[in-house]
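> build me a model from this:
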Amino acid sequence: MSQRSDPLTVALTGQFPLVLAVSALLALVISLIILLRYRRAVIRSMRRRSRSDILALKGFLPPEPDLKSPKAPLEFNLYSADPSRGTGAAKQLYNRAMRGPWLGASVYGIAGCGFAAVMTAAFLLSSKIGFLPLRFLFLTWVNSWPIVFTTYCAAGLSRRAKLIVALAYLVLGIGLGALLLAHSPDATAGRLAVIWVSANIPPSILLLIFLHRRLRAVGPLVLLFMITGVTGANLIVKLVEKNTKLLGAIRNFSISIGMGSIDTVLAVHLIGFLTFAVLGWFVVGSIRVLYQRKQIGEQSALADTIWLVFGIVNSAGLAVQNPWWMLSGPAAFVLFKLVVIAGFRAFGRNKVAERSGPRLLLLHVFSLGKRSETLFDVLSKSWRSVGSIQLIAGADSATSAIAPHEFLDFLSGKLARRFIDSGRTLDLRIDQMDLAPDRDGQFRATEFFCHDDTWKLTLARLADESNAVLMDLRGFSQKNPGCVSEINELFNLVPLRRLVFAIDETTDQPYLRQTMQQAWAQLKDRSPNHRLSAGQVSLVELSRMSTNGLHNLLDALCAAATVGPK
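Numbering: from 1, shown residues only. So this is what the prediction gives:
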């Protein structure tokens, strides 16, 4: 029998596009269903009331003292970055925050070049094509397309910066292609384009779907699970078709219990899926363990997903020559990981693993939805290079920062244990916060899930222990009474120098200033702001999430986090 008719080879090559398409469709549907159910479960739990011992939490909600208006007037300062202003610590923190994402992207880019070189060598060897310098460089460029994806994910680029990165990649490829056409009479522009499209379009479509902001928390894990299961279903059927004795036994058994041909085929597919699904669940569970042990982080897991998908898809095509070439993708991925580890060590990112950075508490108007998620996604790329982020989960942000262990807790029916329902639970969640960076130098974001009557206490505790507090007040108006309560709490708990408020054209600024003036006039005597010689509120304009506005915001947060002892 020829190699191409071998069941394993057929399963890895001829059937792989079908496996990939079915897996992607199933994973997309299941991911959307899981996210919808997750969001509903979070909202239901938020609306519940907690146990009565929440009031026993020490150190918070003391008896209300008499209100005394502060002597200093309250002023509003529209913040803009100024290189000549700020302490040395603030400048240093800002520079580290700006440099961190690009250091990470550079490490992934260098490692990606190694990955691309291995895949190019595997292609040339499996096809028995000669190693010519220009040919090797062009094919390596083709296989390095995931560097663009990884740079987008690691650096948190603006649209303009993303366009520049993509154009730089294309210009390099066009230059290499032109040189190859000039020195190789057999090459044509059409053939070169087909090579790039066949290698990069299928996995790119998968990534564009499952790395979308709304899906990437669970999508890649579900896709990995489904690919494993569907591959098993397809492979079992092919192996059964190859074994005539086993095929006959299955046929006779199905007839004896009254099953038809279609039912039998479906049953065999299901058995194969469930058999390999056990392996898929083990892999997903291993990712959870690695995440909890800080062997991987959210950013490194995202980068791993990108390169692993490209490795699996492109090495499947090489299995036409020999099934063993399917291992070229995993081998290239192993090299990628080794270079990443060495790269972060070379840049010294792993040396910060034993210290914690400044803590940022991020609050927002719960009706912002997508805009709030966008701010978190962009800001976190820079801030999490220097410090951690804490959030209080809202109904509209319930799926924006899901960690792998939270997702798997939901699937295991253990989501309820993550909610703050008592003083002890809040103390425990605070003590369990992961404030150290991962091996790639990225700190983590921690979401606090609260019931309807526990979020104020959680806010008070987190605000009191944070180095800086950012409240996103875009869209703020009289329709947001919860934000009014948060502003009052912040004025009473946090020095104004540590508070930063983001606004834009959708903010009702007259009402905002009125709200803050009232909060200022009603400060409790225990407030750290009560005896200030001057009260200044830092406002940062974020109209249309401009690059300048984001730089101002990051500069303001770095200044707030380094004003001295709390």
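
> now the helix or strand containing residue 489: buried residues?
Residue 489 belongs to helix 481-493 when elements are defined using DSSP states H and E. For helix 481-493, the buried set under the neighbour-count rule, 16 or more other CB atoms under 10 Å, comprises 483, 484, 486, 487, 488, 489, 490, 491, 492, 493. Any C-beta I mention is one placed from the backbone N, CA and C, and that applies to glycine too.

> now do stretch 329-348
Across stretch 329-348, burial judged by 16+ other CB under 10 Å covers 329, 331-333, 335-337, 339-341, 343-344, 347.

> then stretch 272-289?
So for stretch 272-289, counting by 16+ other CB under 10 Å, buried means 272, 273, 276, 277, 280, 284, 287, 288.

> now these as TSV including secondary structure, distance to residue 378 and pLDDT?
TSV is the format used below for the buried residues of stretch 272-289 (DSSP: H, G, I helix; E, B strand; the rest coil; distance: CB to CB, whole Å; pLDDT from 0 to 100):
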residue	secondary structure	distance to residue 378	pLDDT
272	helix	43	79
273	helix	39	82
276	helix	38	80
277	helix	36	81
280	helix	33	79
284	helix	28	74
287	helix	25	77
288	helix	27	75
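
> could the residues you listed be laid out in TSV, adding distance to residue 432?
Below are the buried residues of stretch 272-289 laid out as TSV (distance: CB to CB, whole Å):
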residue	distance to residue 432
272	40
273	37
276	35
277	31
280	29
284	22
287	20
288	16
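
> biggest separation within those, which pair?
The distance between the two most remote of the buried residues of stretch 272-289 (CB to CB) is 25.0 Å, for 272 and 288.

> any idea which of the buried residues of stretch 329-348 the model trusts least?
Least confident entry in those, by pLDDT: residue 347, with 75.

> roughly how far does that one sit from residue 441?
Distance, residue 347 to residue 441, using CB to CB, to the nearest Å: 8 Å.

> what is in contact with those two at once?
residue 103 (CB atoms under 8 Å, 6 or more residues apart in numbering).

> and the helix or strand that contains residue 511, what's buried?
Assigned by DSSP H and E, residue 511 belongs to helix 509-521. Neighbour-count burial for helix 509-521 flags 512, 515, 516, 519, 520 (criterion: 16+ other CB under 10 Å).

> mind putting those into CSV with pLDDT and distance to residue 471?
CSV is the format used below for those (pLDDT from 0 to 100; distance: CB to CB, whole Å):
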residue, pLDDT, distance to residue 471
512, 93, 10
515, 93, 12
516, 93, 11
519, 90, 12
520, 89, 15
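
> would you list the phi and psi of residue 450?
The phi and psi values for residue 450, taken as degrees, to the nearest 10, are phi -120, psi 150.

> I figured residue 281 hits residue 224, correct?
No: Residue 281 is beyond contact range of residue 224, at 10.3 Å (criterion: CB atoms under 8 Å).

> residues contacting the residue located most distally from the centre of the chain?
Within the chain, residue 256 marks the point farthest from the mean C-alpha position, 51.5 Å out by CA atoms, centre = their mean. Taking CB under 8 Å, 6+ apart, we find residue 256 in contact with no residue.

> what lies in contact with the helix holding residue 489?
363, 365-366, 456, 459-460, 463-464, 469, 471, 473, 476, 499, 515-516, 519-520, 522-524, 526-529.

> okay, and residue 449 sits in which element?
Following DSSP H and E, one finds residue 449 within strand 445-450.

> for the longest helix seen in the chain, the distance to its chain's centre please.
Counting residues, the longest helix found in the chain (DSSP state H) is helix 88-127. Distance, stretch centre to chain centre, for helix 88-127: 17 Å (CA atoms, centre = their mean, to the nearest Å).

> what does stretch 172-191 give?
Using CA atoms, centre = their mean, the offset of stretch 172-191 from its chain centre is 37 Å.

> rounded mean pLDDT for it, please.
Here the average pLDDT along stretch 172-191 is 90.

> buried stuff in that stretch?
Buried residues in stretch 172-191 (16+ other CB under 10 Å): 173, 176, 177, 180, 181, 187.

> just list the residues touching residue 297, thanks.
Taking CB under 8 Å, 6+ apart, we find residue 297 in contact with 291, 438, 439, 440, 442, 444.

> can you tell me which of the residues you listed is nearest residue 38?
The nearest member of the contacts of residue 297 to residue 38, counting by CB to CB, is residue 291 at 17.5 Å.

> next secondary structure after the host helix or strand of the closest one?
In the assignment (DSSP H and E), residue 291 maps to helix 261-292. Once the chain leaves helix 261-292, the next helix or strand it forms, by DSSP H and E, is helix 298-318.

> just the angle between that next one and helix 88-127, please?
Using axes from the mean of the first three to the mean of the last three CA atoms, to 10 degrees, the interaxial angle of helix 298-318 with respect to helix 88-127 works out to 10 degrees.

> so which elements touch helix 298-318?
Applying 3 or more CB pairs under 8 Å, 6 or more residues apart in numbering; DSSP states H and E, we find helix 298-318 packed against helix 16-47, helix 88-127, helix 146-155, helix 189-210, helix 219-242, helix 328-346.

> switch to 6 Å and redo it
helix 88-127, helix 146-155, helix 189-210, helix 328-346 (3 or more CB pairs under 6 Å, 6 or more residues apart in numbering; DSSP states H and E).

> deepest-packed of those helices, please.
Highest mean neighbour count among those (mean count of other CB atoms under 10 Å): helix 146-155, with a mean of 23.

> rewinding a little: biggest separation within the buried residues of helix 509-521, which pair?
512 and 520 (12.4 Å).

> what about stretch 535-554, distance to the chain center?
For stretch 535-554, the distance to the chain centre is 24 Å (CA atoms, centre = their mean).

> measure it end to end?
21 Å (CA to CA, to the nearest Å).

> returning to what we had before: so which of the contacts of residue 297 wins on neighbours?
residue 440 (26 neighbours; other CB atoms under 10 Å).

> is that one in a helix, a strand, or coil?
What DSSP: H, G, I helix; E, B strand; the rest coil gives for residue 440 is coil.

> which secondary structure elements does the helix holding residue 291 contact?
Judged by 3+ CB pairs under 6 Å, 6+ apart, helix 261-292 is in contact with helix 219-242, helix 404-411.
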